[in-house]
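Chemist: Sequence and predicted model, in that order:
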Amino acid sequence: MTEQPFSSYIPPFLSNISCRHRTHLAPIRLQIHGWKYDSWAEGEWKVVYTNNEGGWSSRKLRNRLKYGLSQLELGHSRFVAFRVLLSNILEFLLFPARAFQRIGYGAFRGLCNSNRVLREAIAGAAAEATAEIVLYPLDTLKVRIQSYSRQPLEFAQWHVFSSATGRHLGSRGFSRLISRNYIGDLYKGIGQSVIAVLPTAAIFAIVYHNLKRSLLGIFPTRCHQTLRPITSLVAGAIGTTLASLMEAPTELVKSRLQTGMYRSVGEAFRTILVSENGVRGLYQGARSNLLRNLPFDALEFASFETLKDLYLRMKKKKRLENEEMWMLGAFAGGLVGALTTPFDVVYTRLVTQPSTYFSVSQTLKLIYQQEGVKGLFRGILPKVAWEAANSGVFFLVFDGLMQSFDTVKSQPVENPG
């Protein structure tokens with residue numbers, strides 16, 4: 001049997017271990033005709049013990065496995081994957097902290113070197129999920145305020161209806177909502193909501209960024225700065241349309257959980273599927289959901305890109321600082337959120353009170369007749385606060401992740417050994 005260089009038998013994890021430790025981490029190598037024990041000394045691997053009789057010392061093998069690992073050398077390429085798997089399993093058992101560090105960094109570096117589309121999708125999903133988790137209670141307040149009709153908009157008279165007791169909370173409602181009895185209700189449906197935003201945010205990021213680059217690529221470079229807001233508007237509209245098709249059922253369930261119509265995600269899905277026309281029932285309010293999201297997302301990204309370009313030119317800078325990124329994102333989100341509040345109110349009424357509101361036009365007409373213009377802007381303060389904070393967090397996390405990916409990608413691969 002032809003011998004191979006000893007270096008070919010160095011386990012993957014040994015490359016991450018300093019030379020002074022390799023003497024204690026020498027691997028056992030098994031071959032069909034026998035076995036050899038290779039030791040690291042004076043900068044190279046040397047054979048210090050050989051057994052060509054087909055047997056081995058179980059005591060030596062057992063002792064060395066405490067510090068190193070065993071590799072099967074079966075002389076066939078199809079067993080390479082098995083040997084790597086065995087090496088990783090033993091590494092986790094013997095050196096779990098180092099294994100997690102190596103594999104975690106390796107996975108992150110592999111992601112950084114991956115296609116830009118994948119990096120944008122992951123950054124978009126992570127940014128949206130972060131914003132959803134941090135700001136979910138404020139979103140719940142907004143939905144409950146918008147779902148409750150015939151109440152004035154003054155701050156002291158806001159009413160938020162709690163599913164826990166069925167009571168309406170008056171001017172002291174906000175202080176009561178943070179008490180032990182109400183804080184849990186503010187997070188109702190958060191798990192399902194976070195899971196739902198991951199694929200929708202990834203789809204939006206893929207469509208938006210790729211379409212924007214493609215549209216800009218049609219025109220000369222000198223026109224890019226002028227056309228960037230327009231391309232952002234078009235790309236945002238198309239990306240939102242595709243993402244909303246996936247988002248509609250989960251948004252319906254989330255809104256009903258937030259207003260206390262159902263106690264759990266399972267109960268919500270079962271009731272809707274059984275009592276409200278099956279799968280079609282999950283798409284109640286899909287049109288109003290698109291009507292709400294389409295102008296907001298398109299205008300949000302277009303306004304952010306415009307504000308960003310103007311700010312960078314004014315400050316004569318190439319990149320935004322973290323606080324500047326959050327500030328511009330929050331301003332764009334809050335401004336667009338205020339303008340699109342009526343669409344949000346219409347959507348909330350359609351999905352939480354389907355027996356009263358049937359269509360977008362009928363809902364607009366009924367709200368205007370019963371509550372006036374103020375009714376169309378119900379919950380505007382929590383809406384603006386939520387959208388401003390959401391946009392600020394989203395752009396800050398997204399830009400931070402993309403910078404991290406680019407930084408790690410540009411770094412040379414280090415050899416810790």
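Modeler: Perfect, thanks for sending it.

Chemist: For the residue lying closest to residue 261 once chain neighbours are set aside, give its distance to residue 345.
Modeler: Using CB to CB, 6 or more residues apart in numbering and skipping the chain neighbours, the partner closest in space to residue 261 is residue 352 (6.7 Å). All C-beta atoms are positioned from the backbone trio N, CA, C, and that covers glycine. For residue 352, the distance to residue 345 equals 11 Å [CB to CB, to the nearest Å].

Chemist: These two - which one has more neighbours?
Modeler: More crowded of residue 352 and residue 345, by other CB atoms under 10 Å: residue 345, with 28 against 22.

Chemist: Name the helix or strand for that one, please.
Modeler: helix 341-352 (DSSP states H and E).

Chemist: list the helices and strands that helix packs on?
Modeler: Counting contacts by 3 or more CB pairs under 8 Å, 6 or more residues apart in numbering; DSSP states H and E, helix 341-352 is packed against helix 116-147, helix 224-258, helix 286-315, helix 360-376, helix 380-410.

Chemist: So for residue 194, which of those helices sits nearest?
Modeler: The closest of those to residue 194 is helix 116-147. By CB to CB, the value is 5.3 Å.

Chemist: where does the chain have low pLDDT?
Modeler: 1-114, 148-184, 276-277, 409-417 (pLDDT under 70).

Chemist: care to break it down by domain?
Modeler: Domains of the chain are assigned by automatic domain parsing as 6-110, 115-410.

Chemist: How about residue 385: what's its closest non-neighbour residue?
Modeler: Once flanking residues are discounted, residue 385 sits nearest to residue 138: 6.2 Å by CB to CB, 6+ apart.

Chemist: got a list of what that neighbour touches?
Modeler: Contact analysis of residue 138 by CB atoms under 8 Å, 6 or more residues apart in numbering lists 382, 385, 386, 389.

Chemist: Am I right that the first one is in contact with residue 140?
Modeler: No. Applying CB atoms under 8 Å, one finds residue 382 not in contact with residue 140, separated by 9.4 Å.

Chemist: More neighbours: which of these two?
Modeler: residue 140 (25 against 21).

Chemist: wait, isn't the more buried one in contact with residue 256?
Modeler: No. The pair residue 140 and residue 256 fails to qualify as a contact (CB under 8 Å) at a distance of 11.9 Å.

Chemist: Apart from its neighbours in sequence, what residue is nearest residue 389?
Modeler: Nearest to residue 389 is residue 135, by CB to CB, 6+ apart, at 5.4 Å.

Chemist: ok, the one you found - contacts?
Modeler: Here residue 135 is in contact with 386, 389, 390, 393 (CB under 8 Å, 6+ apart).

Chemist: let's go with 7 Å and repeat that
Modeler: Contact partners of residue 135, counting by CB atoms under 7 Å, 6 or more residues apart in numbering, are 386, 389, 390.

Chemist: Roughly how far does residue 122 sit from residue 396?
Modeler: 16 Å.

Chemist: The two: which is more packed in?
Modeler: Neighbour totals were compared for residue 122 and residue 396, and residue 396 leads with 23 against 19 (other CB under 10 Å).

Chemist: how much space between that one and residue 402?
Modeler: Residue 396 is 11 Å from residue 402, by CB to CB.

Chemist: what about the nearest residue to residue 392 once chain neighbours are set aside, which helix or strand?
Modeler: By the measure of CB to CB, 6+ apart, the closest residue to residue 392 outside its immediate chain neighbours is residue 330, 3.5 Å from it. Using DSSP H and E, the element containing residue 330 is helix 322-339.

Chemist: Which positions within that helix qualify as buried?
Modeler: Of the residues in helix 322-339, 324-337 count as buried by neighbour count, 16 or more other CB atoms under 10 Å.
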